[in-house]
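Asks: would you be able to build a 3D model of this:
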Amino acid sequence: MKNAKSYDYIVVGAGSAGTIVAARLSENPDCKVLLVEYGGTDASVFIRMPSALGIPMNSRRYNWGFESIPEPYLNNRRMNCPRGKVMGGTSSINGMVYVRGNAKDFDEWESLGAEGWNYQNCLPYFKKFENHQLRNSEYTGSKGPVAISGGNNMRNPLYRAFIDAGVEAGYGETEDYNGYRQEGFGQKYMNVDAGVRASTSYAYLKKVKKRPNLQIRKRSLVQRVIFEGKTAIGIQCTRAGRSHYYRAEREVILCAGAIGSPHLLQVSGVGPKKTLQAAGIEQLLELPGVGKNLQDHLEFNFQYTCKQPISLNGDLGLISKALIGACWLFFKTGLGRTNHFESCAFIRSRAGVKWPDIQYHFLPGAITYDGSVAFKGHGFQVHVGHNKPTSRGHVRALSADINQHPEILFNYLATEEDRQGFRDCVRLTREIMAQPAMDAFRGEVIQPGPEIETDEQIDAFVRRSVDSAYHPAGTCKIGTDKMAVVDSDLRVHGLYNIRVIDSSVFPTVPNGNLNAPTMMVAERGADLIKGEGLLPAAGVAVYEDAHWEIRQRELPAEQPG
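Replies: Numbers count the residues shown, from 1 in each chain. Presented below is the predicted three-dimensional model:
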């Protein structure tokens, strides 16, 4: 490290969190910041075009290509775990869905030991980065760098029919699921700016990447964090086959995500003793929670044929795709400017659940997530998942070589609570989709068929049909218990001058997509590093059903048929 180039801060990972942290720290012209990213540019048309989201997600050029070991409760299936390997990280390959999570998810964090991370303290940091183009209230922000829009604002009538069906089933309509009330059915928002994906690279780095005090090193793989005693002093990385060393005068900040951050800590000698020993890694500090507490969301699709020729299945031919691409390329209009998830819902699975634990994404087409396989004819589908899992898995280094992917086990559906949650998903979704609002559109069911009825049949269907929603979290959790990895200021327990800022610090996974809360953690984390004082608490009202202990919806719903 004698001749290593020095910076005040080294940020590892230019993803959803790292780009924000680097941009905010470099606002101080006297502060030298190095941002290190293994991936390359995010300038591809397939990244920028919202409807092409399946292409970068399935490209090894932009995706780390992580995969779990056989999942014992999913018929030993190996599950894909896409993580962004490009400027913007996973925000450059995800579905662009903008969901903060329920207010009580963040209060839950604080109750589990994440002091100060309650909803009222977190809300100002959501608002700080938001440039909401559809809402203006005490719950939304309008001056931030990250655009929030509605795509094509539910032009397809199927979106509205889904919302009306939820209202008919007794769940109510919410004006803004990110505002006062998450619970209910409503319009969905996305991170799209005038027809272009609003990744964190696009939103934060586009205007600041030429700052003289901000250096960005792409195509650089961080091999390990370097310590003197228990103090982080820099990193070793490789670029074009050569090793490089960089010194951090103040801090090293890990923003490599729920898989990358715990893996990097472990190969640097920080983690569970048995994991380090088995991998042949010299132990610097035994920290048993590193890589533990892994959580993720699962989901599956309810699919139906559509009686009217209005679904996306009519736009999947080569000529139609070419026209969609041309409209987007030249005018940023048409079907290319949206992720097609424009209506949604959040409901509680049963009485006694205090806040929503089931999430819906509605899609006016019967098609796989990446668009590669579609139902022949017109159809539509709704993605549904039980979003407050109690199952926990792990990320475990297998050697001291960062190039060897870690062992990943999500342990999906290991608990009876999680299995019951998906039985509820099946039965409640059938009831919702059977409402009169869907009668003009709902044809025959494609999946799951009516023969799947008993608990055992539903369990078998779920085991073979669910996929990851790509929301890993929790592997370096905030807290004070023996399994916590970082404190409430995101500093690694037992070490100095090193923090973790990404979705790995979540104590529990929120009821929603993870890009928004990851950006919030990054904004708040940057202020914690600066030490200039946090934004004042919001002090806004939050919806709660006063009768949640005895009912799951506001109004009694008649049974269909």
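
Asks: quick one: the helices in the protein?
Replies: Taking DSSP state H to define them, one finds helices in the chain at 18-25, 45-48, 54-57, 103-111, 119-129, 157-168, 200, 257-267, 273-279, 318-331, 416-433, 455-465, 515-530.

Asks: give the contact list for the closest residue to Pro472 other than its chain neighbours.
Replies: Excluding the flanking residues, the one nearest Pro472 by Cβ to Cβ, 6 or more residues apart in numbering is Ala258, at 4.0 Å. (C-beta placed from N, C-alpha, C; glycine too.) Counting by Cβ atoms under 8 Å, 6 or more residues apart in numbering, Ala258 touches 294, 395, 472-475, 502-504.

Asks: now Arg463: how far from Gln404?
Replies: From Arg463 across to Gln404, the span is 29 Å (Cβ to Cβ, to the nearest Å).

Asks: higher neighbour count, these two?
Replies: A count of neighbours by other Cβ atoms under 10 Å puts Arg463 above the other of Arg463 and Gln404, at 18 against 13.

Asks: surely the more buried one and Glu71 touch.
Replies: No - Arg463 lies out of contact with Glu71 (Cβ atoms under 8 Å); the separation is 9.1 Å.

Asks: tell me which residues touch the closest residue in space to Phe375 that isn't next to it in sequence, please.
Replies: Among residues not flanking Phe375 along the chain, Ala366 sits closest, at 3.7 Å (Cβ to Cβ, 6+ apart). Applying Cβ under 8 Å, 6+ apart, we find Ala366 in contact with 303-306, 311, 313, 374-375, 378-381, 446.

Asks: in strands, which of those residues appear?
Replies: Among those, the ones falling in strands (DSSP state E) are 303-306, 379-381, 446.

Asks: and of the residues you listed, the nearest to Val146?
Replies: Gln381 (28.0 Å; Cβ to Cβ).

Asks: quick one, strands of the stretch 1-150 of the chain?
Replies: 5-12, 33-36, 66-67, 80-81, 130-132, 146-148 (DSSP state E, counting those that start in this stretch).

Asks: helices and strands around the longest one, which ones?
Replies: This points to strand 5-12. If you count contacts as 3 or more Cβ pairs under 8 Å, 6 or more residues apart in numbering; DSSP states H and E, strand 5-12 packs onto helix 18-25, strand 33-36, strand 231-239, strand 242-254.

Asks: so which of those is nearest Glu544?
Replies: Among these, helix 18-25 sits nearest to Glu544 (Cβ to Cβ), with 30.8 Å.

Asks: can you list the neighbours in contact with the closest one?
Replies: 8-9, 11-12, 14, 31, 33, 35, 37, 87-89, 129, 200-201, 204-205, 208, 214, 216, 253, 255-256, 501-502, 519, 522-523, 525-527, 529-530.

Asks: now swap in stretch 56-65 and tell me
Replies: Counting contacts by Cβ under 8 Å, 6+ apart, the residues outside stretch 56-65 that touch it are 39-40, 44, 46-47, 82-86, 92-94, 259-260, 369-370, 405.

Asks: shaky segments in the stretch 251-400 of the chain?
Replies: Within the stretch 251-400 of the chain, the ranges that satisfy pLDDT under 70 run 369-374.

Asks: mind redoing it with 90?
Replies: 314-318, 320-321, 367-376 (pLDDT under 90).

Asks: and if you look at the stretch 1-150 of the chain?
Replies: Scanning the stretch 1-150 of the chain for pLDDT under 90 picks out the ranges 1-3.

Asks: now with 80?
Replies: In the prediction, the stretch 1-150 of the chain carries residues with pLDDT under 80 at positions 1-2.
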